[in-house]
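**Student:** 3D model of this:
(2 chains)
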Amino acid sequence: MKAAVLVFPGSNCDRDLKVAFEAIGADVEMVWHKDTSLPSGIDVVGVPGGFSFGDYLRCGAIAANSPITRDLARFADRGGFVLGICNGFQILTETGLLPGALLRNAKLKYICKTVPLVVENDQSQFTRAYTQGEQINIPIAHHDGNYVASDEVIAQLKDQNRIAFTYADNPNGSMADIAGILSENGRVLGMMPHPERACDAGHGGTDGQALFRALAESLVQA
Amino acid sequence: MKARIHVMLKDGVLDPQGEAVKHALHGLGFDGVEGARQGKVIELDLATGANKDTVEQMCEQLLANTVIESYQIELSE
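**Tutor:** Modelled structure (predicted):
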């Protein structure tokens, strides 16, 4: 299994994501945003958290127009797996790979704490090691995690079972308590919480491990 | 040639920053403030010959996220 982790100026969870992918046996290549193509043979691309380009203009807006992001879109169109976490989720909405947008938290505060999530979809190749309705504890660390989309998009996400996780106790004002969503083909997951920060007992929790494990199992079978 | 672009959250999109501004103004005793919306202004210096269509493309591709934001372009010499 081969994973790529994109690195933008201001990414700061890229190495954590690399460690999480390595823990499931992946060979990981770090890919600089100026590169115009992903390395060959990549199974999954991680778009990491952080503050790409200082969050200037809008979170993720400038990264969404980086050279590597164009190849990321082609990779996703071919059915590749993409995991965008935090700023990575913001980048995926800015590129249009996932619908909606992430606004400033409703109470305007940067929130950094571990929160309970509810697993809504246990069918996707990212989430099938969980059970629907299960609560897991995953850290969040964001200022702009307030998910918004049109009522039609929210209805579509619900109808198509594309809401992967919701917040048990909505911290940021997100519509429908959304913490993470899937693309139509279920192969692109964007989420504000950080599963890569809950992968080792030393992190204070390991509830994120199952996400990476499920992905590894899916890719081995594929 | 200059372009001045106003980017605002669309009507109906909750603007937490605008709400905070409104509450702060109420705190100062300006009770007449019924609403506040906060946006941003981007000024571009453009080479001669640039036209509004080009600036619109810039807005669509980068300067505004049209999922949540609307924009208005003013051009001046």
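**Student:** Scan chain B for its longest helix.
**Tutor:** helix B:16-27 (DSSP state H).
**Student:** could you dump the helix or strand following that one to CSV, C-alpha only?
**Tutor:** Next helix or strand after helix B:16-27 toward the C-terminus (DSSP states H and E): strand B:40-45. The C-alpha coordinates for strand B:40-45 follow below in CSV (Å, rounded to 0.1, in the frame of the first residue of the first chain):
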residue,chain,number,x,y,z
LYS,B,40,-13.7,42.0,2.7
VAL,B,41,-12.4,44.3,0.1
ILE,B,42,-9.7,43.3,-2.3
GLU,B,43,-8.0,45.9,-4.4
LEU,B,44,-6.1,45.0,-7.6
ASP,B,45,-3.7,47.1,-9.7
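**Student:** And the contacts of the following helix or strand past strand B:40-45?
**Tutor:** Per DSSP H and E, strand B:40-45 leads on to helix B:52-58 as the next helix or strand towards the C-terminus. Residues from elsewhere that reach helix B:52-58, judged by CB atoms under 8 Å, 6 or more residues apart in numbering or on different chains: B:Ala3, B:Ile5, B:Leu44, B:Leu46, B:Ile73, B:Leu75. Heads up, the C-betas are built off the backbone N, CA and C, glycines and all.
**Student:** residues contacting the third one?
**Tutor:** By that I understand B:Leu44. B:Lys2, B:Ala3, B:Arg4, B:Ile5, B:Val55, B:Met58.
**Student:** May I see the buried residues of the longest helix of chain B?
**Tutor:** By 16 or more other CB atoms under 10 Å in any protein chain shown, the buried positions in helix B:16-27 come out as B:Pro16, B:Gly18, B:Glu19, B:Val21, B:Lys22.
**Student:** which residues does residue 28 contact?
**Tutor:** Since you didn't name a chain, this refers to chain A. Contacts of A:Val28 by CB under 8 Å, 6+ apart are A:Lys2, A:Ala3, A:Ala4, A:Val5, A:Lys18, A:Phe21, A:Glu22.
**Student:** repeat for B:Arg4
**Tutor:** With contact set as CB under 8 Å, 6+ apart, B:Arg4 has these partners: B:Val41, B:Ile42, B:Glu43, B:Leu44, B:Ile73, B:Glu74, B:Leu75, B:Ser76.
**Student:** run the last query once more with 10 Å
**Tutor:** B:Val41, B:Ile42, B:Glu43, B:Leu44, B:Val55, B:Gln72, B:Ile73, B:Glu74, B:Leu75, B:Ser76 (CB atoms under 10 Å, 6 or more residues apart in numbering or on different chains).
**Student:** Quick check: bridge partners of the last one?
**Tutor:** Right, B:Ser76. B:Lys2 (DSSP bridges).
**Student:** A:Phe51 and chain B, how far apart?
**Tutor:** In this view, A:Phe51 and chain B are 17 Å apart by CB to the nearest CB, to the nearest Å.
**Student:** Tell me the spatial nearest neighbour of that residue, not counting adjacent residues.
**Tutor:** A:Gly10 (4.4 Å; CB to CB, 6 or more residues apart in numbering or on different chains).
**Student:** Would you agree that neighbour is in contact with A:Ile91?
**Tutor:** No. In terms of CB atoms under 10 Å, A:Gly10 does not count as a neighbour of A:Ile91; the distance is 11.3 Å.
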